[in-house]
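Undergrad: after the sequence you'll find the predicted model.
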Amino acid sequence: MKALLEKLCRQRRLEREEWEGLLARRREIDRAGLFSRAEAERRRHFGDAVFVRGLIECSSFCKNDCRYCGIRRSNRRAARYRLDRATVLACCEKGYEWGFRTFVLQAGEDPGLTPEGVAETVRAIKARFPDCAVTLSLGEFPREVYQLWFDAGADRYLLRHETADPDHYACLHPPELTLAHRLDCLRDLKDIGYQVGAGFMVGSPGQSARTLAADFCFLQEFRPHMVGLGPFIPQKDTPFAAEPAGTLEDTLLLLALVRLTLPRALLPATTALGTIHPQGRELGILAGANVVMPNLSPPAVRGKYALYDNKLCTGDEAAEHLAGLKKRLKAIGCTVAVSRGDFPGAEGEAKNKC
Ligand code: SAH
């Protein structure tokens, strides 16, 4: 176990069988030691900075039917809404005043959000806030559409791969969605020039040491700029309603392993992590995460973007409470960075140091 972690720190990669062995026996890992290594790695590249992104949940309509997700098409009980451009801009306006310099536009795959309409929104945000980064997280689209949005000024794209094991992917998704297509989208995005975020849920039904080994093999090959990783949390109107949630312990451990694999990655302590434990985000940061994404959606719709039950959207999760978040981060030795917080680049990526 120890030898494998040493090897990971030296080479930033393991063989598939080594990953599977490490992940199968992850309960035996010295967690305190692992977290302090991951945190040291974060500090080496980012100092005490934690980056904040304002998350605007633009639409809860979705044409897909992912089995884990509360806004899946066949959930008749899901509340549906779509924000118009003026509302999105008003959210950015507020966010800018509060100090946000990255806006993340996330939504279900909503046919009502047309490629040109989204491009126009991106252009409007970039024209109004030229010093801000725009991140999109709108799902799978043809390369031309990703290019259109990039040309409109979008900087980053979050598209979690969800699992890198094709059979597991099929167990989480309807047959029309495939891992191969998801990965094609991720490659297109990277090729176009976006800073790209991949990632997966921790503890999703069917996940195993073998599927997690596939995730780490994918991450070390693809080397995304960002990795979104949070616990699976059941939603009561989905086929996975009765499945157990992913654990805090596993999420923290996997965050730390991602930090050691991709030392410069932007790694959010997710809302889902904050939802399963009151100190989830701080613990995530202490395990190597360096991004938080407070909710900047209009308060009236926040409860409607219900991916899973009891999703946090109030308290320090709310963008208007940035002061509260700053305080909590200060208590663990971190400061909120005001910059856009771009991926620092791969040059000089220090190896062999942890
Ligand atoms: N339509 C976009 C955004 C999806 S929502 C896309 O396809 O990328 C963002 C993320 O929320 C998903 O990628 C998924 O990993 C996560 N998510 C969805 N349902 C969840 C659940 N029940 N528990 C935890 N995370 C969930």
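TA: That came in fine, so what should we check first?
Undergrad: check whether stretch 101-110 contacts the ligand.
TA: Yes: using Cβ under 6 Å from any ligand atom, stretch 101-110 reaches the ligand at 106, 108-109. Every residue, glycine included, has its C-beta placed from N, CA and C.
Undergrad: output the longest strand belonging to this protein.
TA: Criterion DSSP state E: the longest strand present in the chain is strand 195-202.
Undergrad: so what does that one touch, helix or strand wise?
TA: When contacts are defined as 3 or more Cβ pairs under 8 Å, 6 or more residues apart in numbering; DSSP states H and E, strand 195-202 sits against strand 156-158, helix 179-192, helix 209-222, strand 226-231, helix 248-261.
Undergrad: now do 6 Å
TA: Strand 195-202 sits against strand 156-158, strand 226-231, helix 248-261, with contacts defined as 3 or more Cβ pairs under 6 Å, 6 or more residues apart in numbering; DSSP states H and E.
Undergrad: got the angle for that strand vs helix 248-261?
TA: 150 degrees (axes from the mean of the first three to the mean of the last three Cα atoms, to 10 degrees).
Undergrad: tell me the gap between strand 195-202 and the middle of its chain.
TA: On the basis of Cα atoms, centre = their mean, to the nearest Å, strand 195-202 sits 5 Å off its chain's mean C-alpha point.
Undergrad: run through who's touching that strand.
TA: Residues from elsewhere that reach strand 195-202 (Cβ atoms under 6 Å, 6 or more residues apart in numbering): 156-158, 160-163, 189-190, 215, 224-229, 231-232, 246, 250-251, 254, 343.
Undergrad: the ligand next: which of those are close?
TA: When contact is defined as Cβ under 6 Å from any ligand atom, the contacts of strand 195-202 meet the ligand at 160, 162, 232.
Undergrad: what's the local residue count around the last one?
TA: Put plainly, it is residue 232. 24 (other Cβ atoms under 10 Å).
Undergrad: check the gap between it and residue 291 for me.
TA: Here residue 232 is placed at a distance of 20 Å from residue 291 (Cβ to Cβ, to the nearest Å).
Undergrad: equivalent analysis for the first one, please.
TA: Counting by Cβ to Cβ, the separation of residue 160 from residue 291 is 14 Å.
Undergrad: flag every residue of the chain that's near the ligand.
TA: Neighbours of the ligand within the chain, by Cβ under 6 Å from any ligand atom: 68-69, 106, 108-109, 137, 139, 159-160, 162, 201, 230, 232-233, 235, 272, 307-308.
Undergrad: out of the residues you listed, list just those in strands.
TA: Short answer: the residues of the chain next to the ligand in strands (DSSP E) are 106, 137, 201, 230.
Undergrad: what sits against residue 107?
TA: For residue 107, the contact set (Cβ under 6 Å, 6+ apart) comprises 58-59, 138.
Undergrad: that older thread, comparing residue 160 and residue 291, which residue is more hemmed in?
TA: residue 291 (26 against 19).
Undergrad: give me phi/psi at the more buried one?
TA: Main-chain torsions, residue 291, degrees, to the nearest 10: phi -140, psi 140.
Undergrad: wait, it sits on residue 51?
TA: Yes: in this structure residue 291 lies within contact range of residue 51 using Cβ atoms under 6 Å: 4.8 Å.
Undergrad: check the offset of stretch 36-50 from the chain's centre.
TA: 18 Å.
Undergrad: check stretch 35-50 too.
TA: In terms of Cα atoms, centre = their mean, the centre of stretch 35-50 is found 18 Å from the chain centre.
Undergrad: and for stretch 258-274?
TA: Averaged C-alpha coordinates place stretch 258-274 at 8 Å from its chain's average position (Cα atoms, centre = their mean).
Undergrad: residues of stretch 57-74 that come out buried?
TA: Under the neighbour-count criterion of 16 or more other Cβ atoms under 10 Å, stretch 57-74 has 57-62, 64-73 buried.
Undergrad: contacts for the helix or strand hosting residue 336 next, please.
TA: Residue 336 is part of strand 335-337, with elements assigned from DSSP states H and E. Contact partners of strand 335-337, identified using Cβ under 6 Å, 6+ apart, comprise 48-52, 326.
Undergrad: do stretch 44-55 as well
TA: For stretch 44-55, contacts defined as Cβ under 6 Å, 6+ apart pick out 95, 100, 102-104, 263-264, 290-293, 295-296, 319, 329, 333-337, 341.
Undergrad: taking those residues, please make a PyMOL selection of just the buried ones.
TA: To isolate the buried ones among these in PyMOL, judged by 16+ other Cβ under 10 Å, type:
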select buried, resi 95+100+102+103+104+263+264+290+291+292+293+295+296+319+329+334+336+337+341
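Undergrad: which of the contacts of stretch 44-55 fall within helices?
TA: Using DSSP state H, the subset of the contacts of stretch 44-55 located in helices is 95, 329.
Undergrad: out of the residues of stretch 101-110 next to the ligand, which is most surrounded?
TA: Most surrounded of these: other Cβ under 10 Å gives residue 108, at 28 neighbours.
Undergrad: thought that one was touching residue 61?
TA: Yes: here residue 108 lies in contact with residue 61, judged by Cβ under 6 Å, at a distance of 5.5 Å.
Undergrad: closest to the centroid, which residue in the protein?
TA: residue 228 (2.5 Å; Cα atoms, centre = their mean).
Undergrad: tell me the pLDDT of that residue.
TA: pLDDT, residue 228: 97.
Undergrad: then the longest helix anywhere in the chain to PDB, C-alphas only?
TA: Using DSSP H, we find that the single longest helix of the chain is helix 31-46. This file holds the C-alpha atoms of helix 31-46, laid out as PDB (Å, rounded to 0.1, in the frame of the first residue of the first chain):
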ATOM      1  CA  ARG A  31      -5.700   8.700   5.700                       C
ATOM      2  CA  ALA A  32      -4.000  11.400   7.800                       C
ATOM      3  CA  GLY A  33      -0.700  10.800   5.900                       C
ATOM      4  CA  LEU A  34      -2.500  10.800   2.600                       C
ATOM      5  CA  PHE A  35      -4.400  14.000   3.200                       C
ATOM      6  CA  SER A  36      -1.400  15.900   4.400                       C
ATOM      7  CA  ARG A  37       0.500  14.900   1.300                       C
ATOM      8  CA  ALA A  38      -2.400  16.000  -0.900                       C
ATOM      9  CA  GLU A  39      -2.800  19.200   0.900                       C
ATOM     10  CA  ALA A  40       0.900  19.900   0.700                       C
ATOM     11  CA  GLU A  41       0.700  19.300  -3.000                       C
ATOM     12  CA  ARG A  42      -2.200  21.800  -3.300                       C
ATOM     13  CA  ARG A  43      -0.200  24.400  -1.400                       C
ATOM     14  CA  ARG A  44       2.900  23.900  -3.500                       C
ATOM     15  CA  HIS A  45       1.000  24.800  -6.600                       C
ATOM     16  CA  PHE A  46      -1.700  27.200  -5.400                       C
END
